[in-house]
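[1] Fold the following for me, if possible:
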Amino acid sequence: MYWFTADEHYYHRRIIEYADRPFVTISHMNYDLIERFNSVVKGQDITVHAGDFSFGTKEETSEIIKYLNGSHIFLRGCHDYWLPKSAKYLYQKTIEGKQIVVCHYCMRTWKASHYNSWHLFAHSHGRLEPVGKSYDIGVDNNNYFPVSFEQICEIMRTRPDNFNLVKK
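    Residues are numbered from 1 along each chain as shown. A predicted model of the protein is given here:
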């Protein structure tokens, strides 16, 4: 099972105020995000984290990762100083015949968008309306939970075609 999420902002003191999150302290937020994550993601699952995972040190961030179920793919966002400089900004994968492009930043066009491929983005904390077959996978837009591939499929069923779709 694939899961998608972003903008967790572990150890980020100002994100509670900035994103109007319902947490009192950073410890409360970190704990709640881990609990919600582990309530849906299982040990054999893979999660793509589309940036801004942690403001913590490498050691603090490693501790958070140890608590999270499953395997992880981390993309670079604005604040992922804990990641190696070689960390990628973009992830592309075909799952069950659907081509998916994941990036921290929202794009108007992306690889195969003219064939209705899907784009999963973050960075906007639920404040940017998606275009076509795109969706904000950030925690602020998803009740602080990761989003499963099955949920993405259901969401995309209701989304309009990409504006640049090539009609056959």
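
[2] Just the pLDDT for residue 167.
    At residue 167 the predicted local distance difference test score is 85.

[3] how much space between it and residue 137?
    Remark: distance between residue 167 and residue 137 (Cβ to Cβ, to the nearest Å) = 28 Å. In this view, the C-beta of every residue, glycine as well, is placed from N, C-alpha and C.

[4] okay, those two: which has more neighbours?
    It is residue 137, of residue 167 and residue 137, that has more neighbours when counted by other Cβ atoms under 10 Å, with 24 against 4.

[5] For the more buried one, which residues are in contact?
    Listed by Cβ atoms under 8 Å, 6 or more residues apart in numbering, the contact set of residue 137 reads 4-6, 50, 102, 120-122, 146-147, 152.

[6] For it, give me the backbone phi and psi.
    In this entry, residue 137 is assigned phi and psi values of phi -90, psi 10 (degrees, to the nearest 10).

[7] Which stretches in this protein count as strands?
    Secondary structure of the chain by DSSP state E: the strands cover 2-5, 46-49, 71-74, 90-95, 98-103, 118-121, 134-136, 147-148.

[8] what does stretch 60-68 rub up against?
    When contacts are taken as Cβ under 8 Å, 6+ apart, the neighbours of stretch 60-68 outside the stretch itself are 10-11, 30, 34, 37-38, 41, 47, 53-54, 56, 72, 82.

[9] same thing with stretch 84-104?
    Residues outside stretch 84-104 that contact it (Cβ under 8 Å, 6+ apart): 2, 4, 6, 48, 50-52, 73-78, 80, 105, 107, 110-113, 115, 117-123, 137, 149, 152-153, 156.
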